[in-house]
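[1] Sequence below, structure please.
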Amino acid sequence: MTAKLVRHLAATRLLLAIVIAVMGLSAPVAAHEVRPAYLQIDQTDASRYTILWKTPLLSGMPLPVVLKFPGDVTHVMEPQERPLPGSILQKRIISAPGGLAGRQIDFVGLQATITDVLVRVTWLDGRQASAIVRPSQPWYTVPAEQSGWSVAWEYLKLGIRHILYGLDHLLFVASLMLIVRDWRVLVKTITAFTLAHSITLALATFGLVTLPAAPVEAMIALSILLVAAEAVRMERGETSLTITWPWVVAFGFGLLHGFGFAGAMADLGLPQRDLPMALLFFNIGVEIGQLTFIAVLLMVGYSARLIFAFGRPMRIAAAYGIGTVAAFWAVERLDTIFLG
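    So this is what the prediction gives:
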């Protein structure tokens, strides 16, 4: 067996392991299924609050987390539940003597999950506060007030986390990188994608343009499948619009992906007073996460070339791996649209 063949076999085995891992991740993660729970606290008078508690569904069951308020808090209205797509919304009214400022709310059971909780508080005078509660510290102390920069920081972290858990967006970027070989074209392509999804994210967030979430998610999966197929065509020596002008296709599909980001922002809840700042820093967080992912891919690719020949068979296998995952998502999402 020649040394060249050994290198190709080693590369193929490594790539297959990566593809299997990605496909394994795709089942539980499936794009935007990793969404935080959401707690909204609206003050209605000095001691009374309306509580909205939205928990995502995991395999058809609500997140096993229970809200625990301070001991002297009483229920004016007992919890009322209604189902939403992918989640359960619970509403209640509570009375807290002296108010909730400086008091702790516990999320019992959160430490046994991998889900975060986005908390948003609105006071009588219109002031707002936002925070992310993580399983490692499953409680929230209601502050007296919060600055706009604190809101910006929270939404920056949400943007980074969303893109790094948004496997479909990352696979779209990865499939573009299989086509683009020149760094100048790569910069142009990623800039076009960023500009496009920023436009539709802003339009959708401000309510100027809206699209139903389910068809958008299905089209996002199909966009990944199309670009992966174009990567295979390129390796066969063929050409197309995507291969010749990848930034044009990146811009077109970026408009679609922006609606996906907007759906995630809507699920998180938006602070109306600080909406422009929240939108800006969420988008900056998305870009930080996206550029981090690209940098990691470039470093992995460079390191791989030092070990073995990263040639045409491996690029084709990578395109087929991405396309297989995207096809699975497309069928799954279209089935949800047409068969419920």
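[2] Which other helices and strands does the helix or strand Val331 falls within contact?
    Assigning secondary structure by DSSP states H and E places Val331 in helix 312-339. Applying 3 or more Cβ pairs under 8 Å, 6 or more residues apart in numbering; DSSP states H and E, we find helix 312-339 packed against helix 3-29, helix 167-179, helix 213-235. From N, CA and C alone the C-beta is placed, and that goes for glycine too.
[3] List the strands paired with the following helix or strand past the first one, with their directions.
    Same thing as helix 3-29. Downstream of helix 3-29, the first helix or strand assigned by DSSP H and E is strand 37-43. Here strand 37-43 is paired, per DSSP bridges, with strand 48-58 (antiparallel), strand 117-122 (parallel).
[4] Next, format the ones you listed as JSON lines and append mean neighbour count.
    JSON lines is the format used below for those (neighbours: other Cβ atoms under 10 Å):
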{"stretch": "strand 48-58", "mean neighbour count": "19"}
{"stretch": "strand 117-122", "mean neighbour count": "22"}
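[5] And the ones you listed: which comes nearest Thr324?
    Nearest to Thr324, of all these, is strand 48-58, at 24.8 Å by Cβ to Cβ.
[6] For the strands paired with strand 37-43, give me TSV that also has mean pLDDT and distance to Glu217.
    Formatted as TSV, these follow (pLDDT from 0 to 100; distance: least, Cβ to Cβ, whole Å):
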stretch	mean pLDDT	distance to Glu217
strand 48-58	90	15
strand 117-122	88	21
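[7] What does the pLDDT read for Gly311?
    At Gly311, the pLDDT value in this model is 69.
[8] let me redo that: Leu256
    90.
[9] returning to that earlier point: format the strands paired with strand 37-43 as JSON lines; extra columns: distance to Ala317.
    Output for the strands paired with strand 37-43, formatted as JSON lines (distance: least, Cβ to Cβ, whole Å):
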{"stretch": "strand 48-58", "distance to Ala317": "33"}
{"stretch": "strand 117-122", "distance to Ala317": "39"}
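[10] Which one, of these, ends up nearest to Tyr320?
    Closest approach to Tyr320 among those (Cβ to Cβ): strand 48-58, 30.5 Å.
[11] need the next SSE after the closest one, C-terminal direction.
    Assigned by DSSP H and E, the successor of strand 48-58 is strand 61-62.
[12] which residues make contact with that next one from outside it?
    Under the criterion Cβ atoms under 8 Å, 6 or more residues apart in numbering, residues 55-56, 87-88 lie in contact with strand 61-62.
[13] 6 Å - rerun?
    Identification of contacts with strand 61-62 by Cβ atoms under 6 Å, 6 or more residues apart in numbering yields 55, 88.
[14] Check which element follows it along the chain.
    strand 66-68.
[15] Give the buried residues for the next helix or strand after that next one.
    Later in the chain than strand 66-68, the nearest helix or strand by DSSP H and E is strand 74-84. When burial is assessed from 16 or more other Cβ atoms under 10 Å, strand 74-84 yields no buried residues.
[16] which secondary structure elements does strand 74-84 contact?
    Helices and strands touching strand 74-84, by 3 or more Cβ pairs under 6 Å, 6 or more residues apart in numbering; DSSP states H and E, are strand 87-95.
[17] Give the partner strands of the strand it packs on in its sheet and their orientations.
    strand 48-58 (antiparallel), strand 74-84 (antiparallel).
[18] among those, which is nearest Leu164?
    Nearest to Leu164 among those is strand 48-58 (17.6 Å), distances taken as Cβ to Cβ.
[19] Check what contacts the closest one and list those residues.
    By Cβ under 6 Å, 6+ apart, strand 48-58 touches 35, 37-44, 62-63, 67, 86-95.
[20] Just the buried ones from those?
    Judged by 16+ other Cβ under 10 Å, buried ones among the contacts of strand 48-58: 35, 37-43, 62-63, 67, 87-88, 90-94.
[21] rank the helices and strands packed on helix 312-339 by pLDDT, which is bottom?
    Note on the helices and strands packed on helix 312-339: lowest mean pLDDT is at helix 3-29, with a mean of 45.
[22] Quick one: low-confidence residue ranges for this structure.
    For the chain, the stretches with pLDDT under 70 are 1-35, 145-148, 267-273, 307-311, 340.
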